[in-house]
Structure formats: structure tokens, C-alpha cells
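Generate coordinates for the sequence data below:
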Amino acid sequence: MLKIDDKAPAFCLPNQDDIEICLRDLKGKWIVLYFYPKDNTPGCTTEACEFTEAAPDFSELDAIIIGVSADSTKKHRDFIEKKELGITLLSDEETTMMQEYGVWQQKTNFGKEYMGIVRTTFIIDPEGVIKAVFEKVRVKEHVAKVKLELQGLQKA
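Take a look at the predicted model:
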């Protein structure tokens, strides 16, 4: 898992509209990068809807919100349309980015072990350095915590 003050690993992945989004293109902006398990599941839907609701607040803080899962770009498009989301979702079907960020981990469910995404959020500064890490995220009140952390980081 990456730590605070680590350089954020470079990435280039397609968004919901099949447009490639690269970390280098976001330089100069704060990035709230959140990894989530699956589109259209209860926790992931709540998280995406809350980030969408808070997007104007993050925009005022010069921050962009990006969600990442292993879902296809088509699944992302359907999810965005169905839930009227206003955030960018990246598709990491090969799990390469998730592995580089350390969020693709062994999980256990009902005694079965498998590889999956551990819900994690990173705040990356305009220089591409990780300034906050939220591991094993609980969805309830998460977006508010991220916003408070970002405000604190910008004042520091």
C-alpha cells in the first residue's frame, strides 16, 4: 500500500466515455482518487452518489474526483446514467493500476479467499504526491471526511 508523501504512480486508463485519462494530464489539480469494488452495488452506489453530491464543493477546492474499479467502460456508462452521477470513473479491467496503488489484495468472504479491490481513497496534491490515504473505507460519512482532510491539507 502506498503511503503519505509517496509519489503517485503514473496511470493512463479509459473513462466511462472511452477517453484516456492520465495522471500527467491532471498535474496542477488536487485529485481525490477512490477505488471501489463494483458498479451498482449498495456501498459503491452510495459512495458514488455522495461524491457526486459533493462534487461542487470539491470543485471549489480545485479538486477532481475520480473513481476506479475493474468494471468495463460500458458498465461505468450504465452506472452513471442510471444513478445520474457527475464524476469520472476509470476502468482498470487488467487491475494494473490497482496493483500499483496496493488496493488489489487477497480478501476472504464466507471462508473463500480471492483477489479483490479494497475500498481505498487517496488525496494527491497538484505535484502528484500522495497527501492522504483512507484504507478499508467505511462508506458512511466518508465523503465528508475526505473533504475535511482536503481542506486541512490546502491550509497547511
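
who does the most centrally placed residue in the chain bridge with?
The centre of the chain sits closest to Tyr34, judged by CA atoms, centre = their mean, with a distance of 1.6 Å. Here Tyr34 sits in beta bridges with Gly67, Thr121, going by DSSP bridges.

just checking, it touches Ile64?
No. Contact status for Tyr34 versus Ile64: not in contact, 11.5 Å apart, counting by CB atoms under 8 Å. The way it works is simple: take the backbone N, C-alpha and C, and place the C-beta from them, glycine included.

How much space separates the residue nearest to the centre of the chain from Thr108?
22 Å (CB to CB, to the nearest Å).

And Ile19, by the same measure?
According to CB to CB, Ile19 stands 36 Å off from Thr108.

Give me the nearest residue to Met97, chain neighbours excluded.
Excluding the flanking residues, the one nearest Met97 by CB to CB, 6 or more residues apart in numbering is Phe11, at 4.7 Å.

Just the strands from this protein, written as ranges.
With DSSP state E as the criterion, the chain has strands at 12-14, 20-22, 30-35, 63-69, 88-91, 104-109, 112-117, 120-124, 130-134.

So what's the model's average confidence on the longest one?
Per-residue pLDDT over strand 63-69 has a mean of 98.

What ranges does the chain have for its helices?
42-60, 73-83, 96-100, 142-155 (DSSP state H).

Please identify which of those helices is closest to Leu2.
helix 96-100 (8.4 Å; CB to CB).

Alpha carbons of the closest one, in PDB - could you do that?
Below are the C-alpha coordinates for helix 96-100, written out as PDB (Å, rounded to 0.1, in the frame of the first residue of the first chain):
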ATOM      1  CA  THR A  96      -2.700  -2.900 -13.200                       C
ATOM      2  CA  MET A  97      -3.300   0.400 -11.600                       C
ATOM      3  CA  MET A  98      -5.000  -1.200  -8.600                       C
ATOM      4  CA  GLN A  99      -1.900  -3.400  -8.100                       C
ATOM      5  CA  GLU A 100       0.400  -0.400  -8.300                       C
END
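
which parts of it are buried?
Judged by neighbour count using 16 or more other CB atoms under 10 Å, the buried positions of helix 96-100 are 97-98.

So Asp71 is in contact with Leu90, correct?
No. With contact defined as CB under 8 Å, Asp71 does not reach Leu90; the gap is 9.7 Å.

Distance from the chain centre to stretch 26-37, please.
6 Å (CA atoms, centre = their mean, to the nearest Å).
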